[in-house]
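Next come a sequence and a model predicted from it.
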Amino acid sequence: MSLASRMLTMAAGLLGASVITGAATAQVNYPDKPIMMIVPAAAGGPSDTVARLVAEAMSAELGQRIVIENAGGAGGSIGAARVAKSAPDGYTLLLYHIGVATFGALYPNLPYKQDEAFDSVGLVTEVPLTLVGRKGLPPEDVSALLAWLKGKGAGATFGTAGVGAVSDLCGRLLIDATGIKPTVIPYKGTGPAMNDLVAGQIDFMCDQTTNTTNHIKSGGIKPYAATTRNRIAVLPQIPTLLESGVPGFDLSAWHAIWTPKGTPAQIREKLSGALQKALTDPKVIERFGTLGTAPVAAQMATPAALDDRFKSETARWSKLLAGAAQK
Ligand code: MLT
């Protein structure tokens, strides 16, 4: 081999080694700058509430700020796609929920592949939902509400955070179970949708307790039912849809944190460690408790646990939503 070839080979080897050393150093020093957490729903909504609580506690653990960026629209699939296209370096996270497991079934032109776009950090919390109406809505209970909705047909308005949002999934299950046919009004999140419900601009919603509990307690909106198998501890007076005669309803919104596919396991494990610590923070536990939810157990706030949940939920919703794909 000529001297020139030998020198080129050595230079390539040194370059390769420096790249490997660089990547390894980046992982060891991670995080050495602020992290962006994309919440694919408008500020002030239930997902945003979960994200801000958890991000603050994780920041303290990581020693770097986690900056929340709200990117609402299309049920959360726009923000999810942004994360899918981001660099897998640990500096862009997605905090969202069950909706991420449904986008593949609902959006034929989704700009990423459902089971190839994200790597897992861990589960965060499971949030019950409540069926709620505007304050002046005439029906007094679920059966009267369903009769009223059937009579109103498309004249009744149902606010959601867009196709694939859990407020939308709840509506789909309710429509399938009861035959009601309301007009669905999509928002960039149920934060703005709740503003319109409180203002009496829309008739009803199915939203997470992290957004409805305080409005129910203040009398600003009318509670009809919980979507979970059991009643919600902080709202014990509200019957479940199951108790109210709507069969098979058992829905809650599991929330999780993902990274773009290809984010090193060492970085994700560091994030999972910070998440597990954040979920033991008394402020997080207390706040979640007053809003009808609770942190998941530490062993669920791990990449492996989220991998399992995401896989099973993607399969479940692709069956439930067969034929519902957006035209
Ligand atoms: C939804 O799925 O309904 C959204 O999470 C609502 C929100 O967080 O704004």
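On my side now, so go ahead. Remember, predicted model here, so these are calculated numbers, not experimental data.

Quick one: mean pLDDT over the longest strand along the chain.
Across the chain, the strand with the greatest residue count (assigned by DSSP state E) is strand 118-134. Across strand 118-134, the average pLDDT comes to 98.

what does whichever strand or helix holds Leu173 rub up against?
In this structure, Leu173 sits in helix 166-178 according to DSSP states H and E. In this structure, residues lying in contact with helix 166-178 by C-beta atoms under 8 Å, 6 or more residues apart in numbering are 75, 97-99, 102, 129, 131, 146, 149-150, 158-162, 180-182, 184, 186, 190, 193, 205-208, 227, 241, 246-249, 251, 253, 317, 320-321, 324. All C-beta atoms are positioned from the backbone trio N, CA, C, and that covers glycine.

Is any residue of it near the ligand?
Yes. Interface with the ligand: helix 166-178 contributes Val166, Ser167 (C-beta under 6 Å from any ligand atom).

mind exporting that helix as PDB, just the C-alpha atoms?
Extracted C-alpha coordinates of helix 166-178, given in PDB (Å, rounded to 0.1, in the frame of the first residue of the first chain):
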ATOM      1  CA  VAL A 166     -58.700  11.300  23.200                       C
ATOM      2  CA  SER A 167     -61.700  13.700  23.300                       C
ATOM      3  CA  ASP A 168     -62.400  12.600  19.800                       C
ATOM      4  CA  LEU A 169     -61.800   8.900  20.500                       C
ATOM      5  CA  CYS A 170     -64.300   9.200  23.400                       C
ATOM      6  CA  GLY A 171     -66.800  10.800  21.100                       C
ATOM      7  CA  ARG A 172     -66.400   8.000  18.500                       C
ATOM      8  CA  LEU A 173     -67.000   5.300  21.100                       C
ATOM      9  CA  LEU A 174     -70.000   7.200  22.500                       C
ATOM     10  CA  ILE A 175     -71.500   7.700  19.000                       C
ATOM     11  CA  ASP A 176     -70.900   4.000  18.100                       C
ATOM     12  CA  ALA A 177     -72.500   2.900  21.400                       C
ATOM     13  CA  THR A 178     -75.600   5.200  21.300                       C
END
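
Check whether the following helix or strand past that helix comes near the ligand.
Moving toward the C-terminus from helix 166-178, the first helix or strand encountered (DSSP H and E) is strand 183-186. No. Contact of strand 183-186 with the ligand (C-beta under 6 Å from any ligand atom) is absent, the minimum separation being 9.9 Å.

what helices or strands is whatever helix or strand comes next after strand 183-186 leaning on?
Note on strand 183-186: by DSSP H and E, the next helix or strand toward the C-terminus is helix 190-198. Counting contacts by 3 or more C-beta pairs under 8 Å, 6 or more residues apart in numbering; DSSP states H and E, helix 190-198 is packed against helix 46-62, strand 118-134, strand 157-160, strand 204-208, helix 209-217, strand 221-226.
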